[in-house]
Every structure is written in structure tokens, then in C-alpha cells.
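1. Any chance you can model this:
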Amino acid sequence: MSDAPVIRCRGLSRWYGEVQGLSGLDLEVDAGVVGLLGPNGSGKSTFMRLLTGLIRPSRGSVELFGQRVEPGKQGVFARIGHAPGDDIHLETERAVDFLALIASLGGDSRTESERRADEALDQVGMLEAREKRLDGMSKGMRQRVKVAQALLFDPQLLLLDEPLNGMDPVSRRQTLDLVRRYGAEGRTVVLASHVLHEVEAVTDHLVLLHHGRLLAEGRLDEIRELVDRKPRRLILEGEALPQLAAQVLAESLVTGLSFEADGRLALETRDLNRLLDRLVELGTAGSIHHMDVEDQNLESVFDLLVGETA
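-> Numbering: from 1, shown residues only. Predicted coordinates for the structure are as follows:
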């Protein structure tokens, strides 16, 4: 049992009526960090819901730590932390109350539940915002609360579904540092994203899904060479964007930039990780309220691989 992979899927399939969510997935994942990559609708969220027992397979099986996953049975689920892609719905709650409520479902006292909540908030850099209501938070802050929710019970398997959406550069760095640390501690982290650069900073083990099917699995360097010459596009909302534009141009950090009609700043770069690191160093990250990454590289990878397997 101890030699079993952390995740083992055999012919794992899930259909929603006539819509294919996941089809015939055979996959094994060991301890460490794995990047689950795919466009929207590729099956990433369905895969995570199957792992957590939230939905049943239409066909096939999934095992965690050598135990078969079956909805309604506790067992292995105590070892899992899940930050879903869906937004938080208890919007009038304070962050600490929301997390304490989740913690109490495990049978903890109110005091112990609040202790767990504070510890989780501290891990994601949100302890100072413990009293803040969720409906008064930015999207990035709410994302960090969801990650904190996944950490409440010290999980051995951490499932993060698009956790970096809406986060500013500093929050992204903190979250990726946390993912690295969990992987280094011998835990397993599945980081789902549709953006290649988000996962390449923390792992070189990638699983690519496309239309519910496993398109490729392997090391980052095996697919990285396919896309290195493609630019990435970064969209920023915030303050002092003209000054920021001048700075990144002066330092040759971008290959192009433009201002959208709504005032957002669009940047193109061939080294997105370097640009994000420099934004933090410049101290401008705090003035960036929202950031989206359009990773054209990933689309190029999928277009190429789909063509090769057609």
C-alpha cells in the first residue's frame, strides 16, 4: 500500500448527459508538484471534483493513497485540501468566520476552529485581513481565502483549481512559494491552470488535458522548446500605469505595449517570469489592482499537439 502512487486513475470518465467532461483518463501521480494544464472546458475542474468525491465517475476508477475514492465515504478525504475554481458564496461572512465554519465541520471546537483559521490565513499572507468581510475583498484576496480553506487540515494532497486568477504579483509570488514549500515537504500539489508560466515556476511535471482527454504528460523541458518564441500578453488594471509603462519600456522588459479603451495596460513579453519579478522589485505591485495573463504559448502547444495526435 505504501508503494502506491498518490493518485491513480484507470479509464476515468465523466459525462454530463451527452457532454464529455473527462474521457478514459489513465494517470499516476506521485508526491511533489504537478501542473494540470488545459484551456477552459478541458476537464481540469471535473478531474478535481472526481478526486474529491464531489461527483461520481461515469466509468473507470480513481484511487488516492491506494484507496478507492467513493462519494459519501470519509476515509481518505481527511488528507485532501481543495480550493475550487468556483467563487465563495458566503459573502457576508468575515474571513475568519468563514474559515472557522469550514474547520468546525471536522468536529473542532470554536476555539480550535479559529486557531486553524488564523493559521491558514497566516500561510497565505491574509492574517491582517481576518476581520474583513468577503464581499469587501478584491477577487485576488478571495482567491487567497479559498487557498487558506484548502490548508485548514494540514493536507497531504492539495488540489488548487486556478488559484492565481485575479491575484496581484505579490500575492502570486506568495502563493507559488507556498506551493513550492508543500512540494518540498513531500506532499502532493496539483496546480490547475490554463497559463503555462504559472506552473513552470514551481514544477517541471505537466499533465495536459484537452476536451476531456489526456493530451500529453511529461517534463516541462520536453514541451518548452515548442513555444519559447511565442510572446505572452499581460493585462493590468491599477494606478500609475503610464509611469509603469515607461519604466518597463526603458528596461526592455516588454516587446510591445498598448492601452486598452478602458484604460487597462496591455504588455507583451518573451520572459513573463522576469517581468513579474521586476514589477515586485519596482514596488509597483501594490498599485496593480487586477492582472490577467493571456498565455498564447499554451494555446500554441495545444494546437501543435492536437495536430500531431489527430
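2. tell me the domain boundaries of the chain?
-> When the chain is parsed with automatic domain parsing, its domains come out as 7-224, 232-309.
3. from those domains, which stretch is densest packed?
-> Most buried of these, by mean neighbour count (mean count of other CB atoms under 10 Å): domain 7-224, with a mean of 18. The C-beta positions use only the backbone N, C-alpha and C, and glycine is treated the same way.
4. mean confidence score for that domain?
-> Taken as a whole, domain 7-224 has a mean pLDDT of 92.
5. Do a quick rundown of the strands in this structure.
-> Secondary structure of the chain (DSSP state E): strands at 7-16, 19-29, 32-37, 59-64, 67-68, 80-83, 157-161, 188-193, 205-210, 213-219, 232-238, 256-259, 265-269, 288-294.
6. Pairing partners for the fifth one, with directions?
-> Strand 67-68 sits in its sheet next to strand 59-64 (antiparallel), going by DSSP bridges.
7. again, but for the first one
-> If you go by DSSP bridges, strand 7-16 pairs up with strand 19-29 (antiparallel), strand 59-64 (antiparallel).
8. mind putting the ones you listed in a markdown table, distance to residue 125 included?
-> Below are the strands paired with strand 7-16 laid out as a markdown table (distance: least, CB to CB, whole Å):
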| stretch | distance to residue 125 |
| --- | --- |
| strand 19-29 | 28 |
| strand 59-64 | 29 |
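9. nearest to residue 170, of these?
-> strand 19-29 (29.6 Å; CB to CB).
10. Can you give the distance from that closest one to the centre of its chain?
-> In terms of CA atoms, centre = their mean, to the nearest Å, the centre of strand 19-29 is found 19 Å from the chain centre.
11. Hey, what's the angle from it to strand 32-37? Just curious.
-> Here strand 19-29 runs at an angle of 160 degrees relative to strand 32-37 (axes from the mean of the first three to the mean of the last three CA atoms, to 10 degrees).
12. Name the residues that touch strand 19-29?
-> Under the criterion CB atoms under 8 Å, 6 or more residues apart in numbering, residues 5-15, 43, 46-47, 50, 60, 188, 190, 207, 209, 211-214, 217 lie in contact with strand 19-29.
13. how does it look with 6 Å?
-> Surrounding strand 19-29, the residues in contact under the criterion CB atoms under 6 Å, 6 or more residues apart in numbering are 5-9, 11-14, 43, 46-47, 212-214.
14. okay, the angle between it and strand 205-210?
-> Using the same axes, to 10 degrees: strand 19-29 against strand 205-210 is 160 degrees.
15. What ranges does this protein have for its helices?
-> Using DSSP state H, the helices of the chain run over 44-52, 95-104, 110-123, 139-151, 169-184, 196-200, 220-224, 241-250, 272-281, 296-309.
16. Which one of those helices lies nearest to residue 78?
-> Among those, the nearest to residue 78 by CB to CB is helix 44-52 (11.8 Å).
17. CA atoms only for the closest one, dumped as CSV, please.
-> Only the C-alpha atoms of helix 44-52 are listed here, as CSV (Å, rounded to 0.1, in the frame of the first residue of the first chain):
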residue,chain,number,x,y,z
LYS,A,44,-9.5,20.2,-15.1
SER,A,45,-12.3,21.0,-12.7
THR,A,46,-14.1,17.7,-13.5
PHE,A,47,-10.9,15.9,-12.7
MET,A,48,-10.6,17.6,-9.3
ARG,A,49,-14.2,17.0,-8.4
LEU,A,50,-13.7,13.3,-9.1
LEU,A,51,-10.6,13.3,-6.9
THR,A,52,-12.6,14.9,-4.0
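18. what's the offset of that helix from the middle of its chain?
-> Using CA atoms, centre = their mean, the offset of helix 44-52 from its chain centre is 13 Å.
19. helices and strands around it, which ones?
-> Packing partners of helix 44-52 (3 or more CB pairs under 6 Å, 6 or more residues apart in numbering; DSSP states H and E): strand 19-29, strand 157-161.
20. Quick check: the gap between the residue nearest to residue 68 when sequence neighbours are not counted and residue 195.
-> Computed as CB to CB, 6 or more residues apart in numbering, the closest residue to residue 68 that is not its neighbour in sequence is residue 61, at 6.1 Å. Applying CB to CB, to the nearest Å, the value for residue 61 to residue 195 is 30 Å.
21. for residue 56, same thing?
-> Separation of residue 56 from residue 195 (CB to CB) stands at 30 Å.
22. ok, now residue 165?
-> Residue 165 is 9 Å from residue 195, by CB to CB.
23. do the same with residue 80
-> Counting by CB to CB, the gap from residue 80 to residue 195 is 24 Å.
24. now swap in residue 264 and tell me
-> Taking CB to CB, one finds residue 264 at 17 Å from residue 195.
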